[in-house]
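Student: Fold the following.
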Amino acid sequence: MRHRRLRACRHHTDIGKEHFDLCTQLEHEPEQARAFTLSAVHGSWLDDDKRRLTAEFDEEIDALVGEHAR
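Tutor: Predicted coordinates for the structure are as follows:
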């Protein structure tokens with residue numbers, strides 16, 4: 001059996017853009033998007049960093065909501 005070489009995937013992804021696109025497609029309101037985002041942090045394996053990341057994400061989400069409210 002001949003094996004074919006797989007080419008390396010050269011697509012660049014941006015997790016923030018993917019997350020934004022998903023929330024947009026699902027028509028999430030800002031608080032739904034916040035809950036969805038923070039669920040991802042809480043569900044991660046980053047035991048030591050969850051509290052810090054939750055605070056950072058919450059702050060960033062507040063800033064983004066503020067920018068879009070103008």
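Student: Find the residue at the geometric middle of the chain.
Tutor: With distances taken as Cα atoms, centre = their mean, the residue of the chain nearest its centroid is residue 19 (4.3 Å).
Student: Does anything pack onto the helix-or-strand element of the chain with minimal mean pLDDT? Which helices or strands?
Tutor: Lowest by mean pLDDT, DSSP states H and E among the helices and strands of the chain is helix 15-25, with a mean of 82. Judged by 3 or more Cβ pairs under 8 Å, 6 or more residues apart in numbering; DSSP states H and E, the packing partners of helix 15-25 are helix 30-42. Where you see a C-beta, it was placed from the backbone N, CA and C, and this is true even at glycine.
Student: Contacts for the helix it packs on, please.
Tutor: Helix 30-42 is contacted by residues 19, 23, 26, 28, 50, 53-54, 57-58, 61, 65, 68 when judged by Cβ atoms under 8 Å, 6 or more residues apart in numbering.
Student: Kindly list the longest helix within this structure.
Tutor: Counting by DSSP state H, the longest helix found in the chain is helix 50-69.
Student: Please identify the buried residues of that helix?
Tutor: Residues 53, 61 are the ones in helix 50-69 that count as buried (16 or more other Cβ atoms under 10 Å).
Student: same check, this time on stretch 43-50
Tutor: In stretch 43-50, no residue is buried by neighbour count (16+ other Cβ under 10 Å).
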